[in-house]
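Colleague: Fold the following and give me the result.
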Amino acid sequence: MSTTQSERLRELLEPLVTSQGLDLEEIAVDSVGRKRVLRVVVDSDTGADLDQIADVSRALSAKLDESDAMGAGEYTLEVGTPGAERLLKEHRHYVRAVDRLVKFQLTEGGELVARILKVDNEGLDLEVPGVKGRKATARRLAFSDFEKARVQVEFGRKDSKNENEQEEEA
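Modeller: Model (predicted):
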């Protein structure tokens, strides 16, 4: 049986989020002064758009109103998606981060910044960007080779898929 409020909330809300075609990534209840804030983070393999967020927010709000999961006090419900520099924890997070630049905290110490090319059950195939005019190199990283991984924000990167589509249209 669940003991924490977050676990009870997850049991209550996860089936509803899943029925909306999304994954429930995180639940957090924070106190901000005298108010409480329930933060729910959702995502999917294709991302979540504003309409999906609004729909799931209304559904969660209705479910919470009919239950006593948040108790009698007032609270604010915030529903959103993971941030741009999300921490990767689950296998599905790595799959969703294919073609993204990620910073890895290596188990042996040190960091590695590389682009995820492929994900399987054992680990990741990466492309390590070249430095000072050198070519990028391939590297294999097992899940046990790193402790943490976080997506990096890239500014000004050309999207090769969009470039190819634009060339075909011309």
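Colleague: quick one, phi psi at the closest residue to residue 95 other than its chain neighbours?
Modeller: Counting by CB to CB, 6 or more residues apart in numbering, residue 95 lies nearest to residue 119, which is 5.0 Å off, once chain neighbours are set aside. (Each C-beta comes from the backbone N, C-alpha and C, glycine too.) Residue 119 has phi and psi values of phi -130, psi 130 when expressed as degrees, to the nearest 10.
Colleague: could you measure residue 119 against residue 14, distance?
Modeller: Distance of residue 119 to residue 14, computed by CB to CB, to the nearest Å: 24 Å.
Colleague: higher neighbour count, those two?
Modeller: Between residue 119 and residue 14, residue 119 has the larger neighbour count (other CB atoms under 10 Å), namely 18 against 14.
Colleague: gap between that one and residue 61?
Modeller: 35 Å.
Colleague: Check residue 80 too.
Modeller: 14 Å.
Colleague: longest helix in the protein, by residue count?
Modeller: With secondary structure taken from DSSP state H, the chain has its longest helix at helix 50-66.
Colleague: Who are the packing partners of it?
Modeller: Under the contact definition 3 or more CB pairs under 8 Å, 6 or more residues apart in numbering; DSSP states H and E, helix 50-66 sits against helix 5-19, strand 35-43, strand 75-80.
Colleague: I'd like the ones you listed laid out as TSV, including mean pLDDT.
Modeller: TSV is the format used below for these (pLDDT from 0 to 100):
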stretch	mean pLDDT
helix 5-19	90
strand 35-43	91
strand 75-80	93
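Colleague: quick one: low-confidence parts of this structure?
Modeller: Residues of the chain that meet the criterion pLDDT under 70 lie in 1-3, 156-170.
Colleague: please redo it, this time with the cut-off set to 50
Modeller: Applying pLDDT under 50 to the chain flags residues 1-2, 161-170.
Colleague: Which residue, other than its chain neighbours, is closest to residue 26?
Modeller: Nearest residue to residue 26, sequence neighbours excluded (CB to CB, 6+ apart): residue 41, at 4.0 Å.
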